[in-house]
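Enquirer: Give me a model of this one.
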Amino acid sequence: MRRSVLGSLLGIGFLTVSLAYAQPTVQITQPRQYEVFTRGATVMARAKLGTSSGMQRVEFLVDGKSIGDATWIPWERPWDTTSYAATSHAIQARLYTGGQAYVSETVYVFLLDPAAATSQDKPGRLAYQAEFRPGRPVVAVMNLDGTEFATVPSRGDETGRSPSWSPDGVLLAFTRTVAGKQKYFTVPVDVHNAAMGPPLQITFGPSDDSGLTWSRDGKRIAYLAEQDGTHSIAVGPIGGDMRVLVTTAVGDSSPTSLGWGPEDKSISYSMDRSIWLLDPVTGDHRLLIAKADMPVWSHNGRYLALFTGKDPRTLTIYDSWTAAMATVQPFVDHPRSIAWSPDDKRLLFVAPHVGKQSGRLWLVNIDGTGLRSLSVRGAPLSDVSWGLTPPLKIQLPAAEPAGDQIGKDGASGSEQAPSDGAK
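Expert: Numbers count the residues shown, from 1 in each chain. Alright, predicted model coming up:
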């Protein structure tokens, strides 16, 4: 504080204040990080501005080349992907204001060829939870024949649990420990099972999360959230606000084995050795099958694989069109997980014994033939997910995507770029 002559005469102290102005920022809000599109689609790129003044212009860039700009709200520009290759692409927004240019963090998206995006003629690949050191579960990925084995990268002493492939096979969701709670992350995995880019957090809050399942269009998720002894089913868009639809009282059984039903109009789950259907819009639920559990829907949405009876259990298929039940494999001892092949012709399941045979991971045709045990690394084994092999080798640029969360507002981390006064 300093006094002027007038201030001294009047006995008043004048305070000199230095004002600091926040640097303008720009942030990509759409598409989201690691989002997958079919090549030929029109993708809307949108941005959000932070502090700025004067005339403004936002230029959108794909792989460093301009696709146009916006001079007023909404700050958006359509991107026609028809002429772009089926691979990864980098999207940025550049804000011009006050004679300077400011660049957003990069958002990476993936384009798949229309035919290849739904191709199911390959055996696919597996993701599963296992332990290679006692008490330290990790997520492992391998091809069906055991080749190209890899584990999802972890930082320090982190663990990985509950893997789940996205419908297109590009993204793998799994849980990590955040502030003592299990939260879901996603990471893109290339055709050789290498994780590309840092994992991004997609579930938040004070709950322990598990059992994530993707809607068939890949735009919504459902998962189990446990907090203070209560268990809930949370449903919503990836990185968006979640609706809690089922909550059990403390001490009650927990819902398990979530799965999106036909046309994503219902979510199945098991509780108290029965299978229920939940309406994700209204929250209504009804009993589907009694004395059965561990339901998993086929990719075409018609069939439900499940276990019936007491140990040893019977692997069974339920036809949702006819309500018929067909036995696939009896005498399954203490099963833990089921997964459909990408072409819906085979099933994987985890169990220590089938009849008098010992193993850990089993493969069987849906008509009950061809039962065999697969060789797999790590033990104990659980939470198997069988995904498509993406028809591209994902190539992210050398610079890794900045940030580690989806769906959380915050500073864009944009950096000042020299002003060129033009596109």
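
Enquirer: Okay, now the unreliable bits of the stretch 51-200 of the chain?
Expert: Applying pLDDT under 70 to the stretch 51-200 of the chain picks out residues 52-54, 115-121, 153-158.

Enquirer: Strands of that one, residue ranges please.
Expert: Secondary structure of the stretch 51-200 of the chain (DSSP state E, counting those that start in this stretch): strands at 56-62, 65-70, 76-80, 88-97, 100-103, 107-112, 125-133, 136-143, 150-151, 161-165, 171-178, 181-188, 200-201.

Enquirer: which other helices and strands contact the last one?
Expert: Which is strand 200-201. Strand 200-201 sits against strand 181-188, with contacts defined as 3 or more CB pairs under 8 Å, 6 or more residues apart in numbering; DSSP states H and E. Using the backbone N, CA and C atoms, a C-beta is placed for each residue, glycine as well.

Enquirer: Tell me which of the strands of the stretch 51-200 of the chain lies nearest to residue 255.
Expert: Residue 255 lies closest to strand 161-165 among these, at 14.5 Å (CB to CB).

Enquirer: and the closest one with strand 125-133, angle?
Expert: Between the axes of strand 161-165 and strand 125-133, defined by axes from the mean of the first three to the mean of the last three CA atoms, to 10 degrees, the angle is 170 degrees.

Enquirer: which residues are contacting strand 161-165?
Expert: 127-129, 137, 139, 141, 152, 171-175, 182, 184, 210-214, 383, 385-388 (CB atoms under 8 Å, 6 or more residues apart in numbering).

Enquirer: quick one: strands adjacent to that strand?
Expert: strand 171-178 (antiparallel) (DSSP bridges).

Enquirer: List the buried residues in the partner strand.
Expert: Judged by neighbour count (16 or more other CB atoms under 10 Å), strand 171-178 contains these buried residues: 171, 172, 173, 174, 175, 176.

Enquirer: Including distance to residue 112, could these go into TSV?
Expert: As requested, the buried residues of strand 171-178 are arranged in TSV below (distance: CB to CB, whole Å):
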residue	distance to residue 112
171	12
172	16
173	18
174	22
175	26
176	27
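
Enquirer: Let me know the closest of those to residue 226.
Expert: For the buried residues of strand 171-178, the nearest to residue 226 is residue 175 (11.9 Å; CB to CB).

Enquirer: bridging residues for the closest one?
Expert: Following DSSP bridges, residue 175 is listed with bridge partners residue 161, residue 184.

Enquirer: mind listing what it touches?
Expert: With the criterion set at CB under 8 Å, 6+ apart, residue 175 makes contact with 160, 161, 162, 182, 183, 184, 185, 209, 210.

Enquirer: Could you give the number of residues near the second one?
Expert: By that I understand residue 161. As a burial measure, residue 161 scores 18 neighbours (other CB atoms under 10 Å).

Enquirer: ok, it to residue 211 distance?
Expert: 10 Å (CB to CB, to the nearest Å).

Enquirer: and the end-to-end length of stretch 30-42?
Expert: One end of stretch 30-42 to the other measures 12 Å (CA to CA, to the nearest Å).

Enquirer: All further residue positions should be reported with the first residue as 35.
Expert: With the count now opening at 35, the last piece we talked about shows up as stretch 64-76.

Enquirer: Run through who's touching that stretch.
Expert: Counting by CB under 8 Å, 6+ apart, residues outside stretch 64-76 touching it are 77-80, 110, 112-116, 118-120, 125, 141-148, 151, 200, 202, 204-205, 220-222, 231, 234, 252, 272-273, 435, 437, 440-441.

Enquirer: List the buried residues in stretch 322-331.
Expert: 322, 323, 326, 327, 328, 329, 330, 331.

Enquirer: Then stretch 219-239?
Expert: For stretch 219-239, the buried set under the neighbour-count rule, 16+ other CB under 10 Å, comprises 219-225, 227, 229-231, 233-238.

Enquirer: ditto for stretch 159-170
Expert: Result for stretch 159-170 [16+ other CB under 10 Å]: buried residues 159, 160, 161, 162, 163, 164, 165.

Enquirer: which one of the residues you listed sits closest to residue 261?
Expert: Closest to residue 261, out of all of the buried residues of stretch 159-170 and judged by CB to CB, is residue 163, at 21.8 Å.

Enquirer: Surely that closest one touches residue 185?
Expert: No. Look at residue 163 against residue 185 with CB atoms under 8 Å: they stay out of range, at 10.7 Å.

Enquirer: Mind listing the shared neighbours of these two?
Expert: Common contacts of residue 163 and residue 185 (CB under 8 Å, 6+ apart): 172, 173, 174, 194.

Enquirer: Turn those residues into JSON lines, including distance to residue 277 and neighbour count.
Expert: Below are the shared contacts of residue 163 and residue 185 laid out as JSON lines (distance: CB to CB, whole Å; neighbours: other CB atoms under 10 Å):
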{"residue": "172", "distance to residue 277": "31", "neighbour count": "21"}
{"residue": "173", "distance to residue 277": "27", "neighbour count": "28"}
{"residue": "174", "distance to residue 277": "32", "neighbour count": "23"}
{"residue": "194", "distance to residue 277": "27", "neighbour count": "25"}
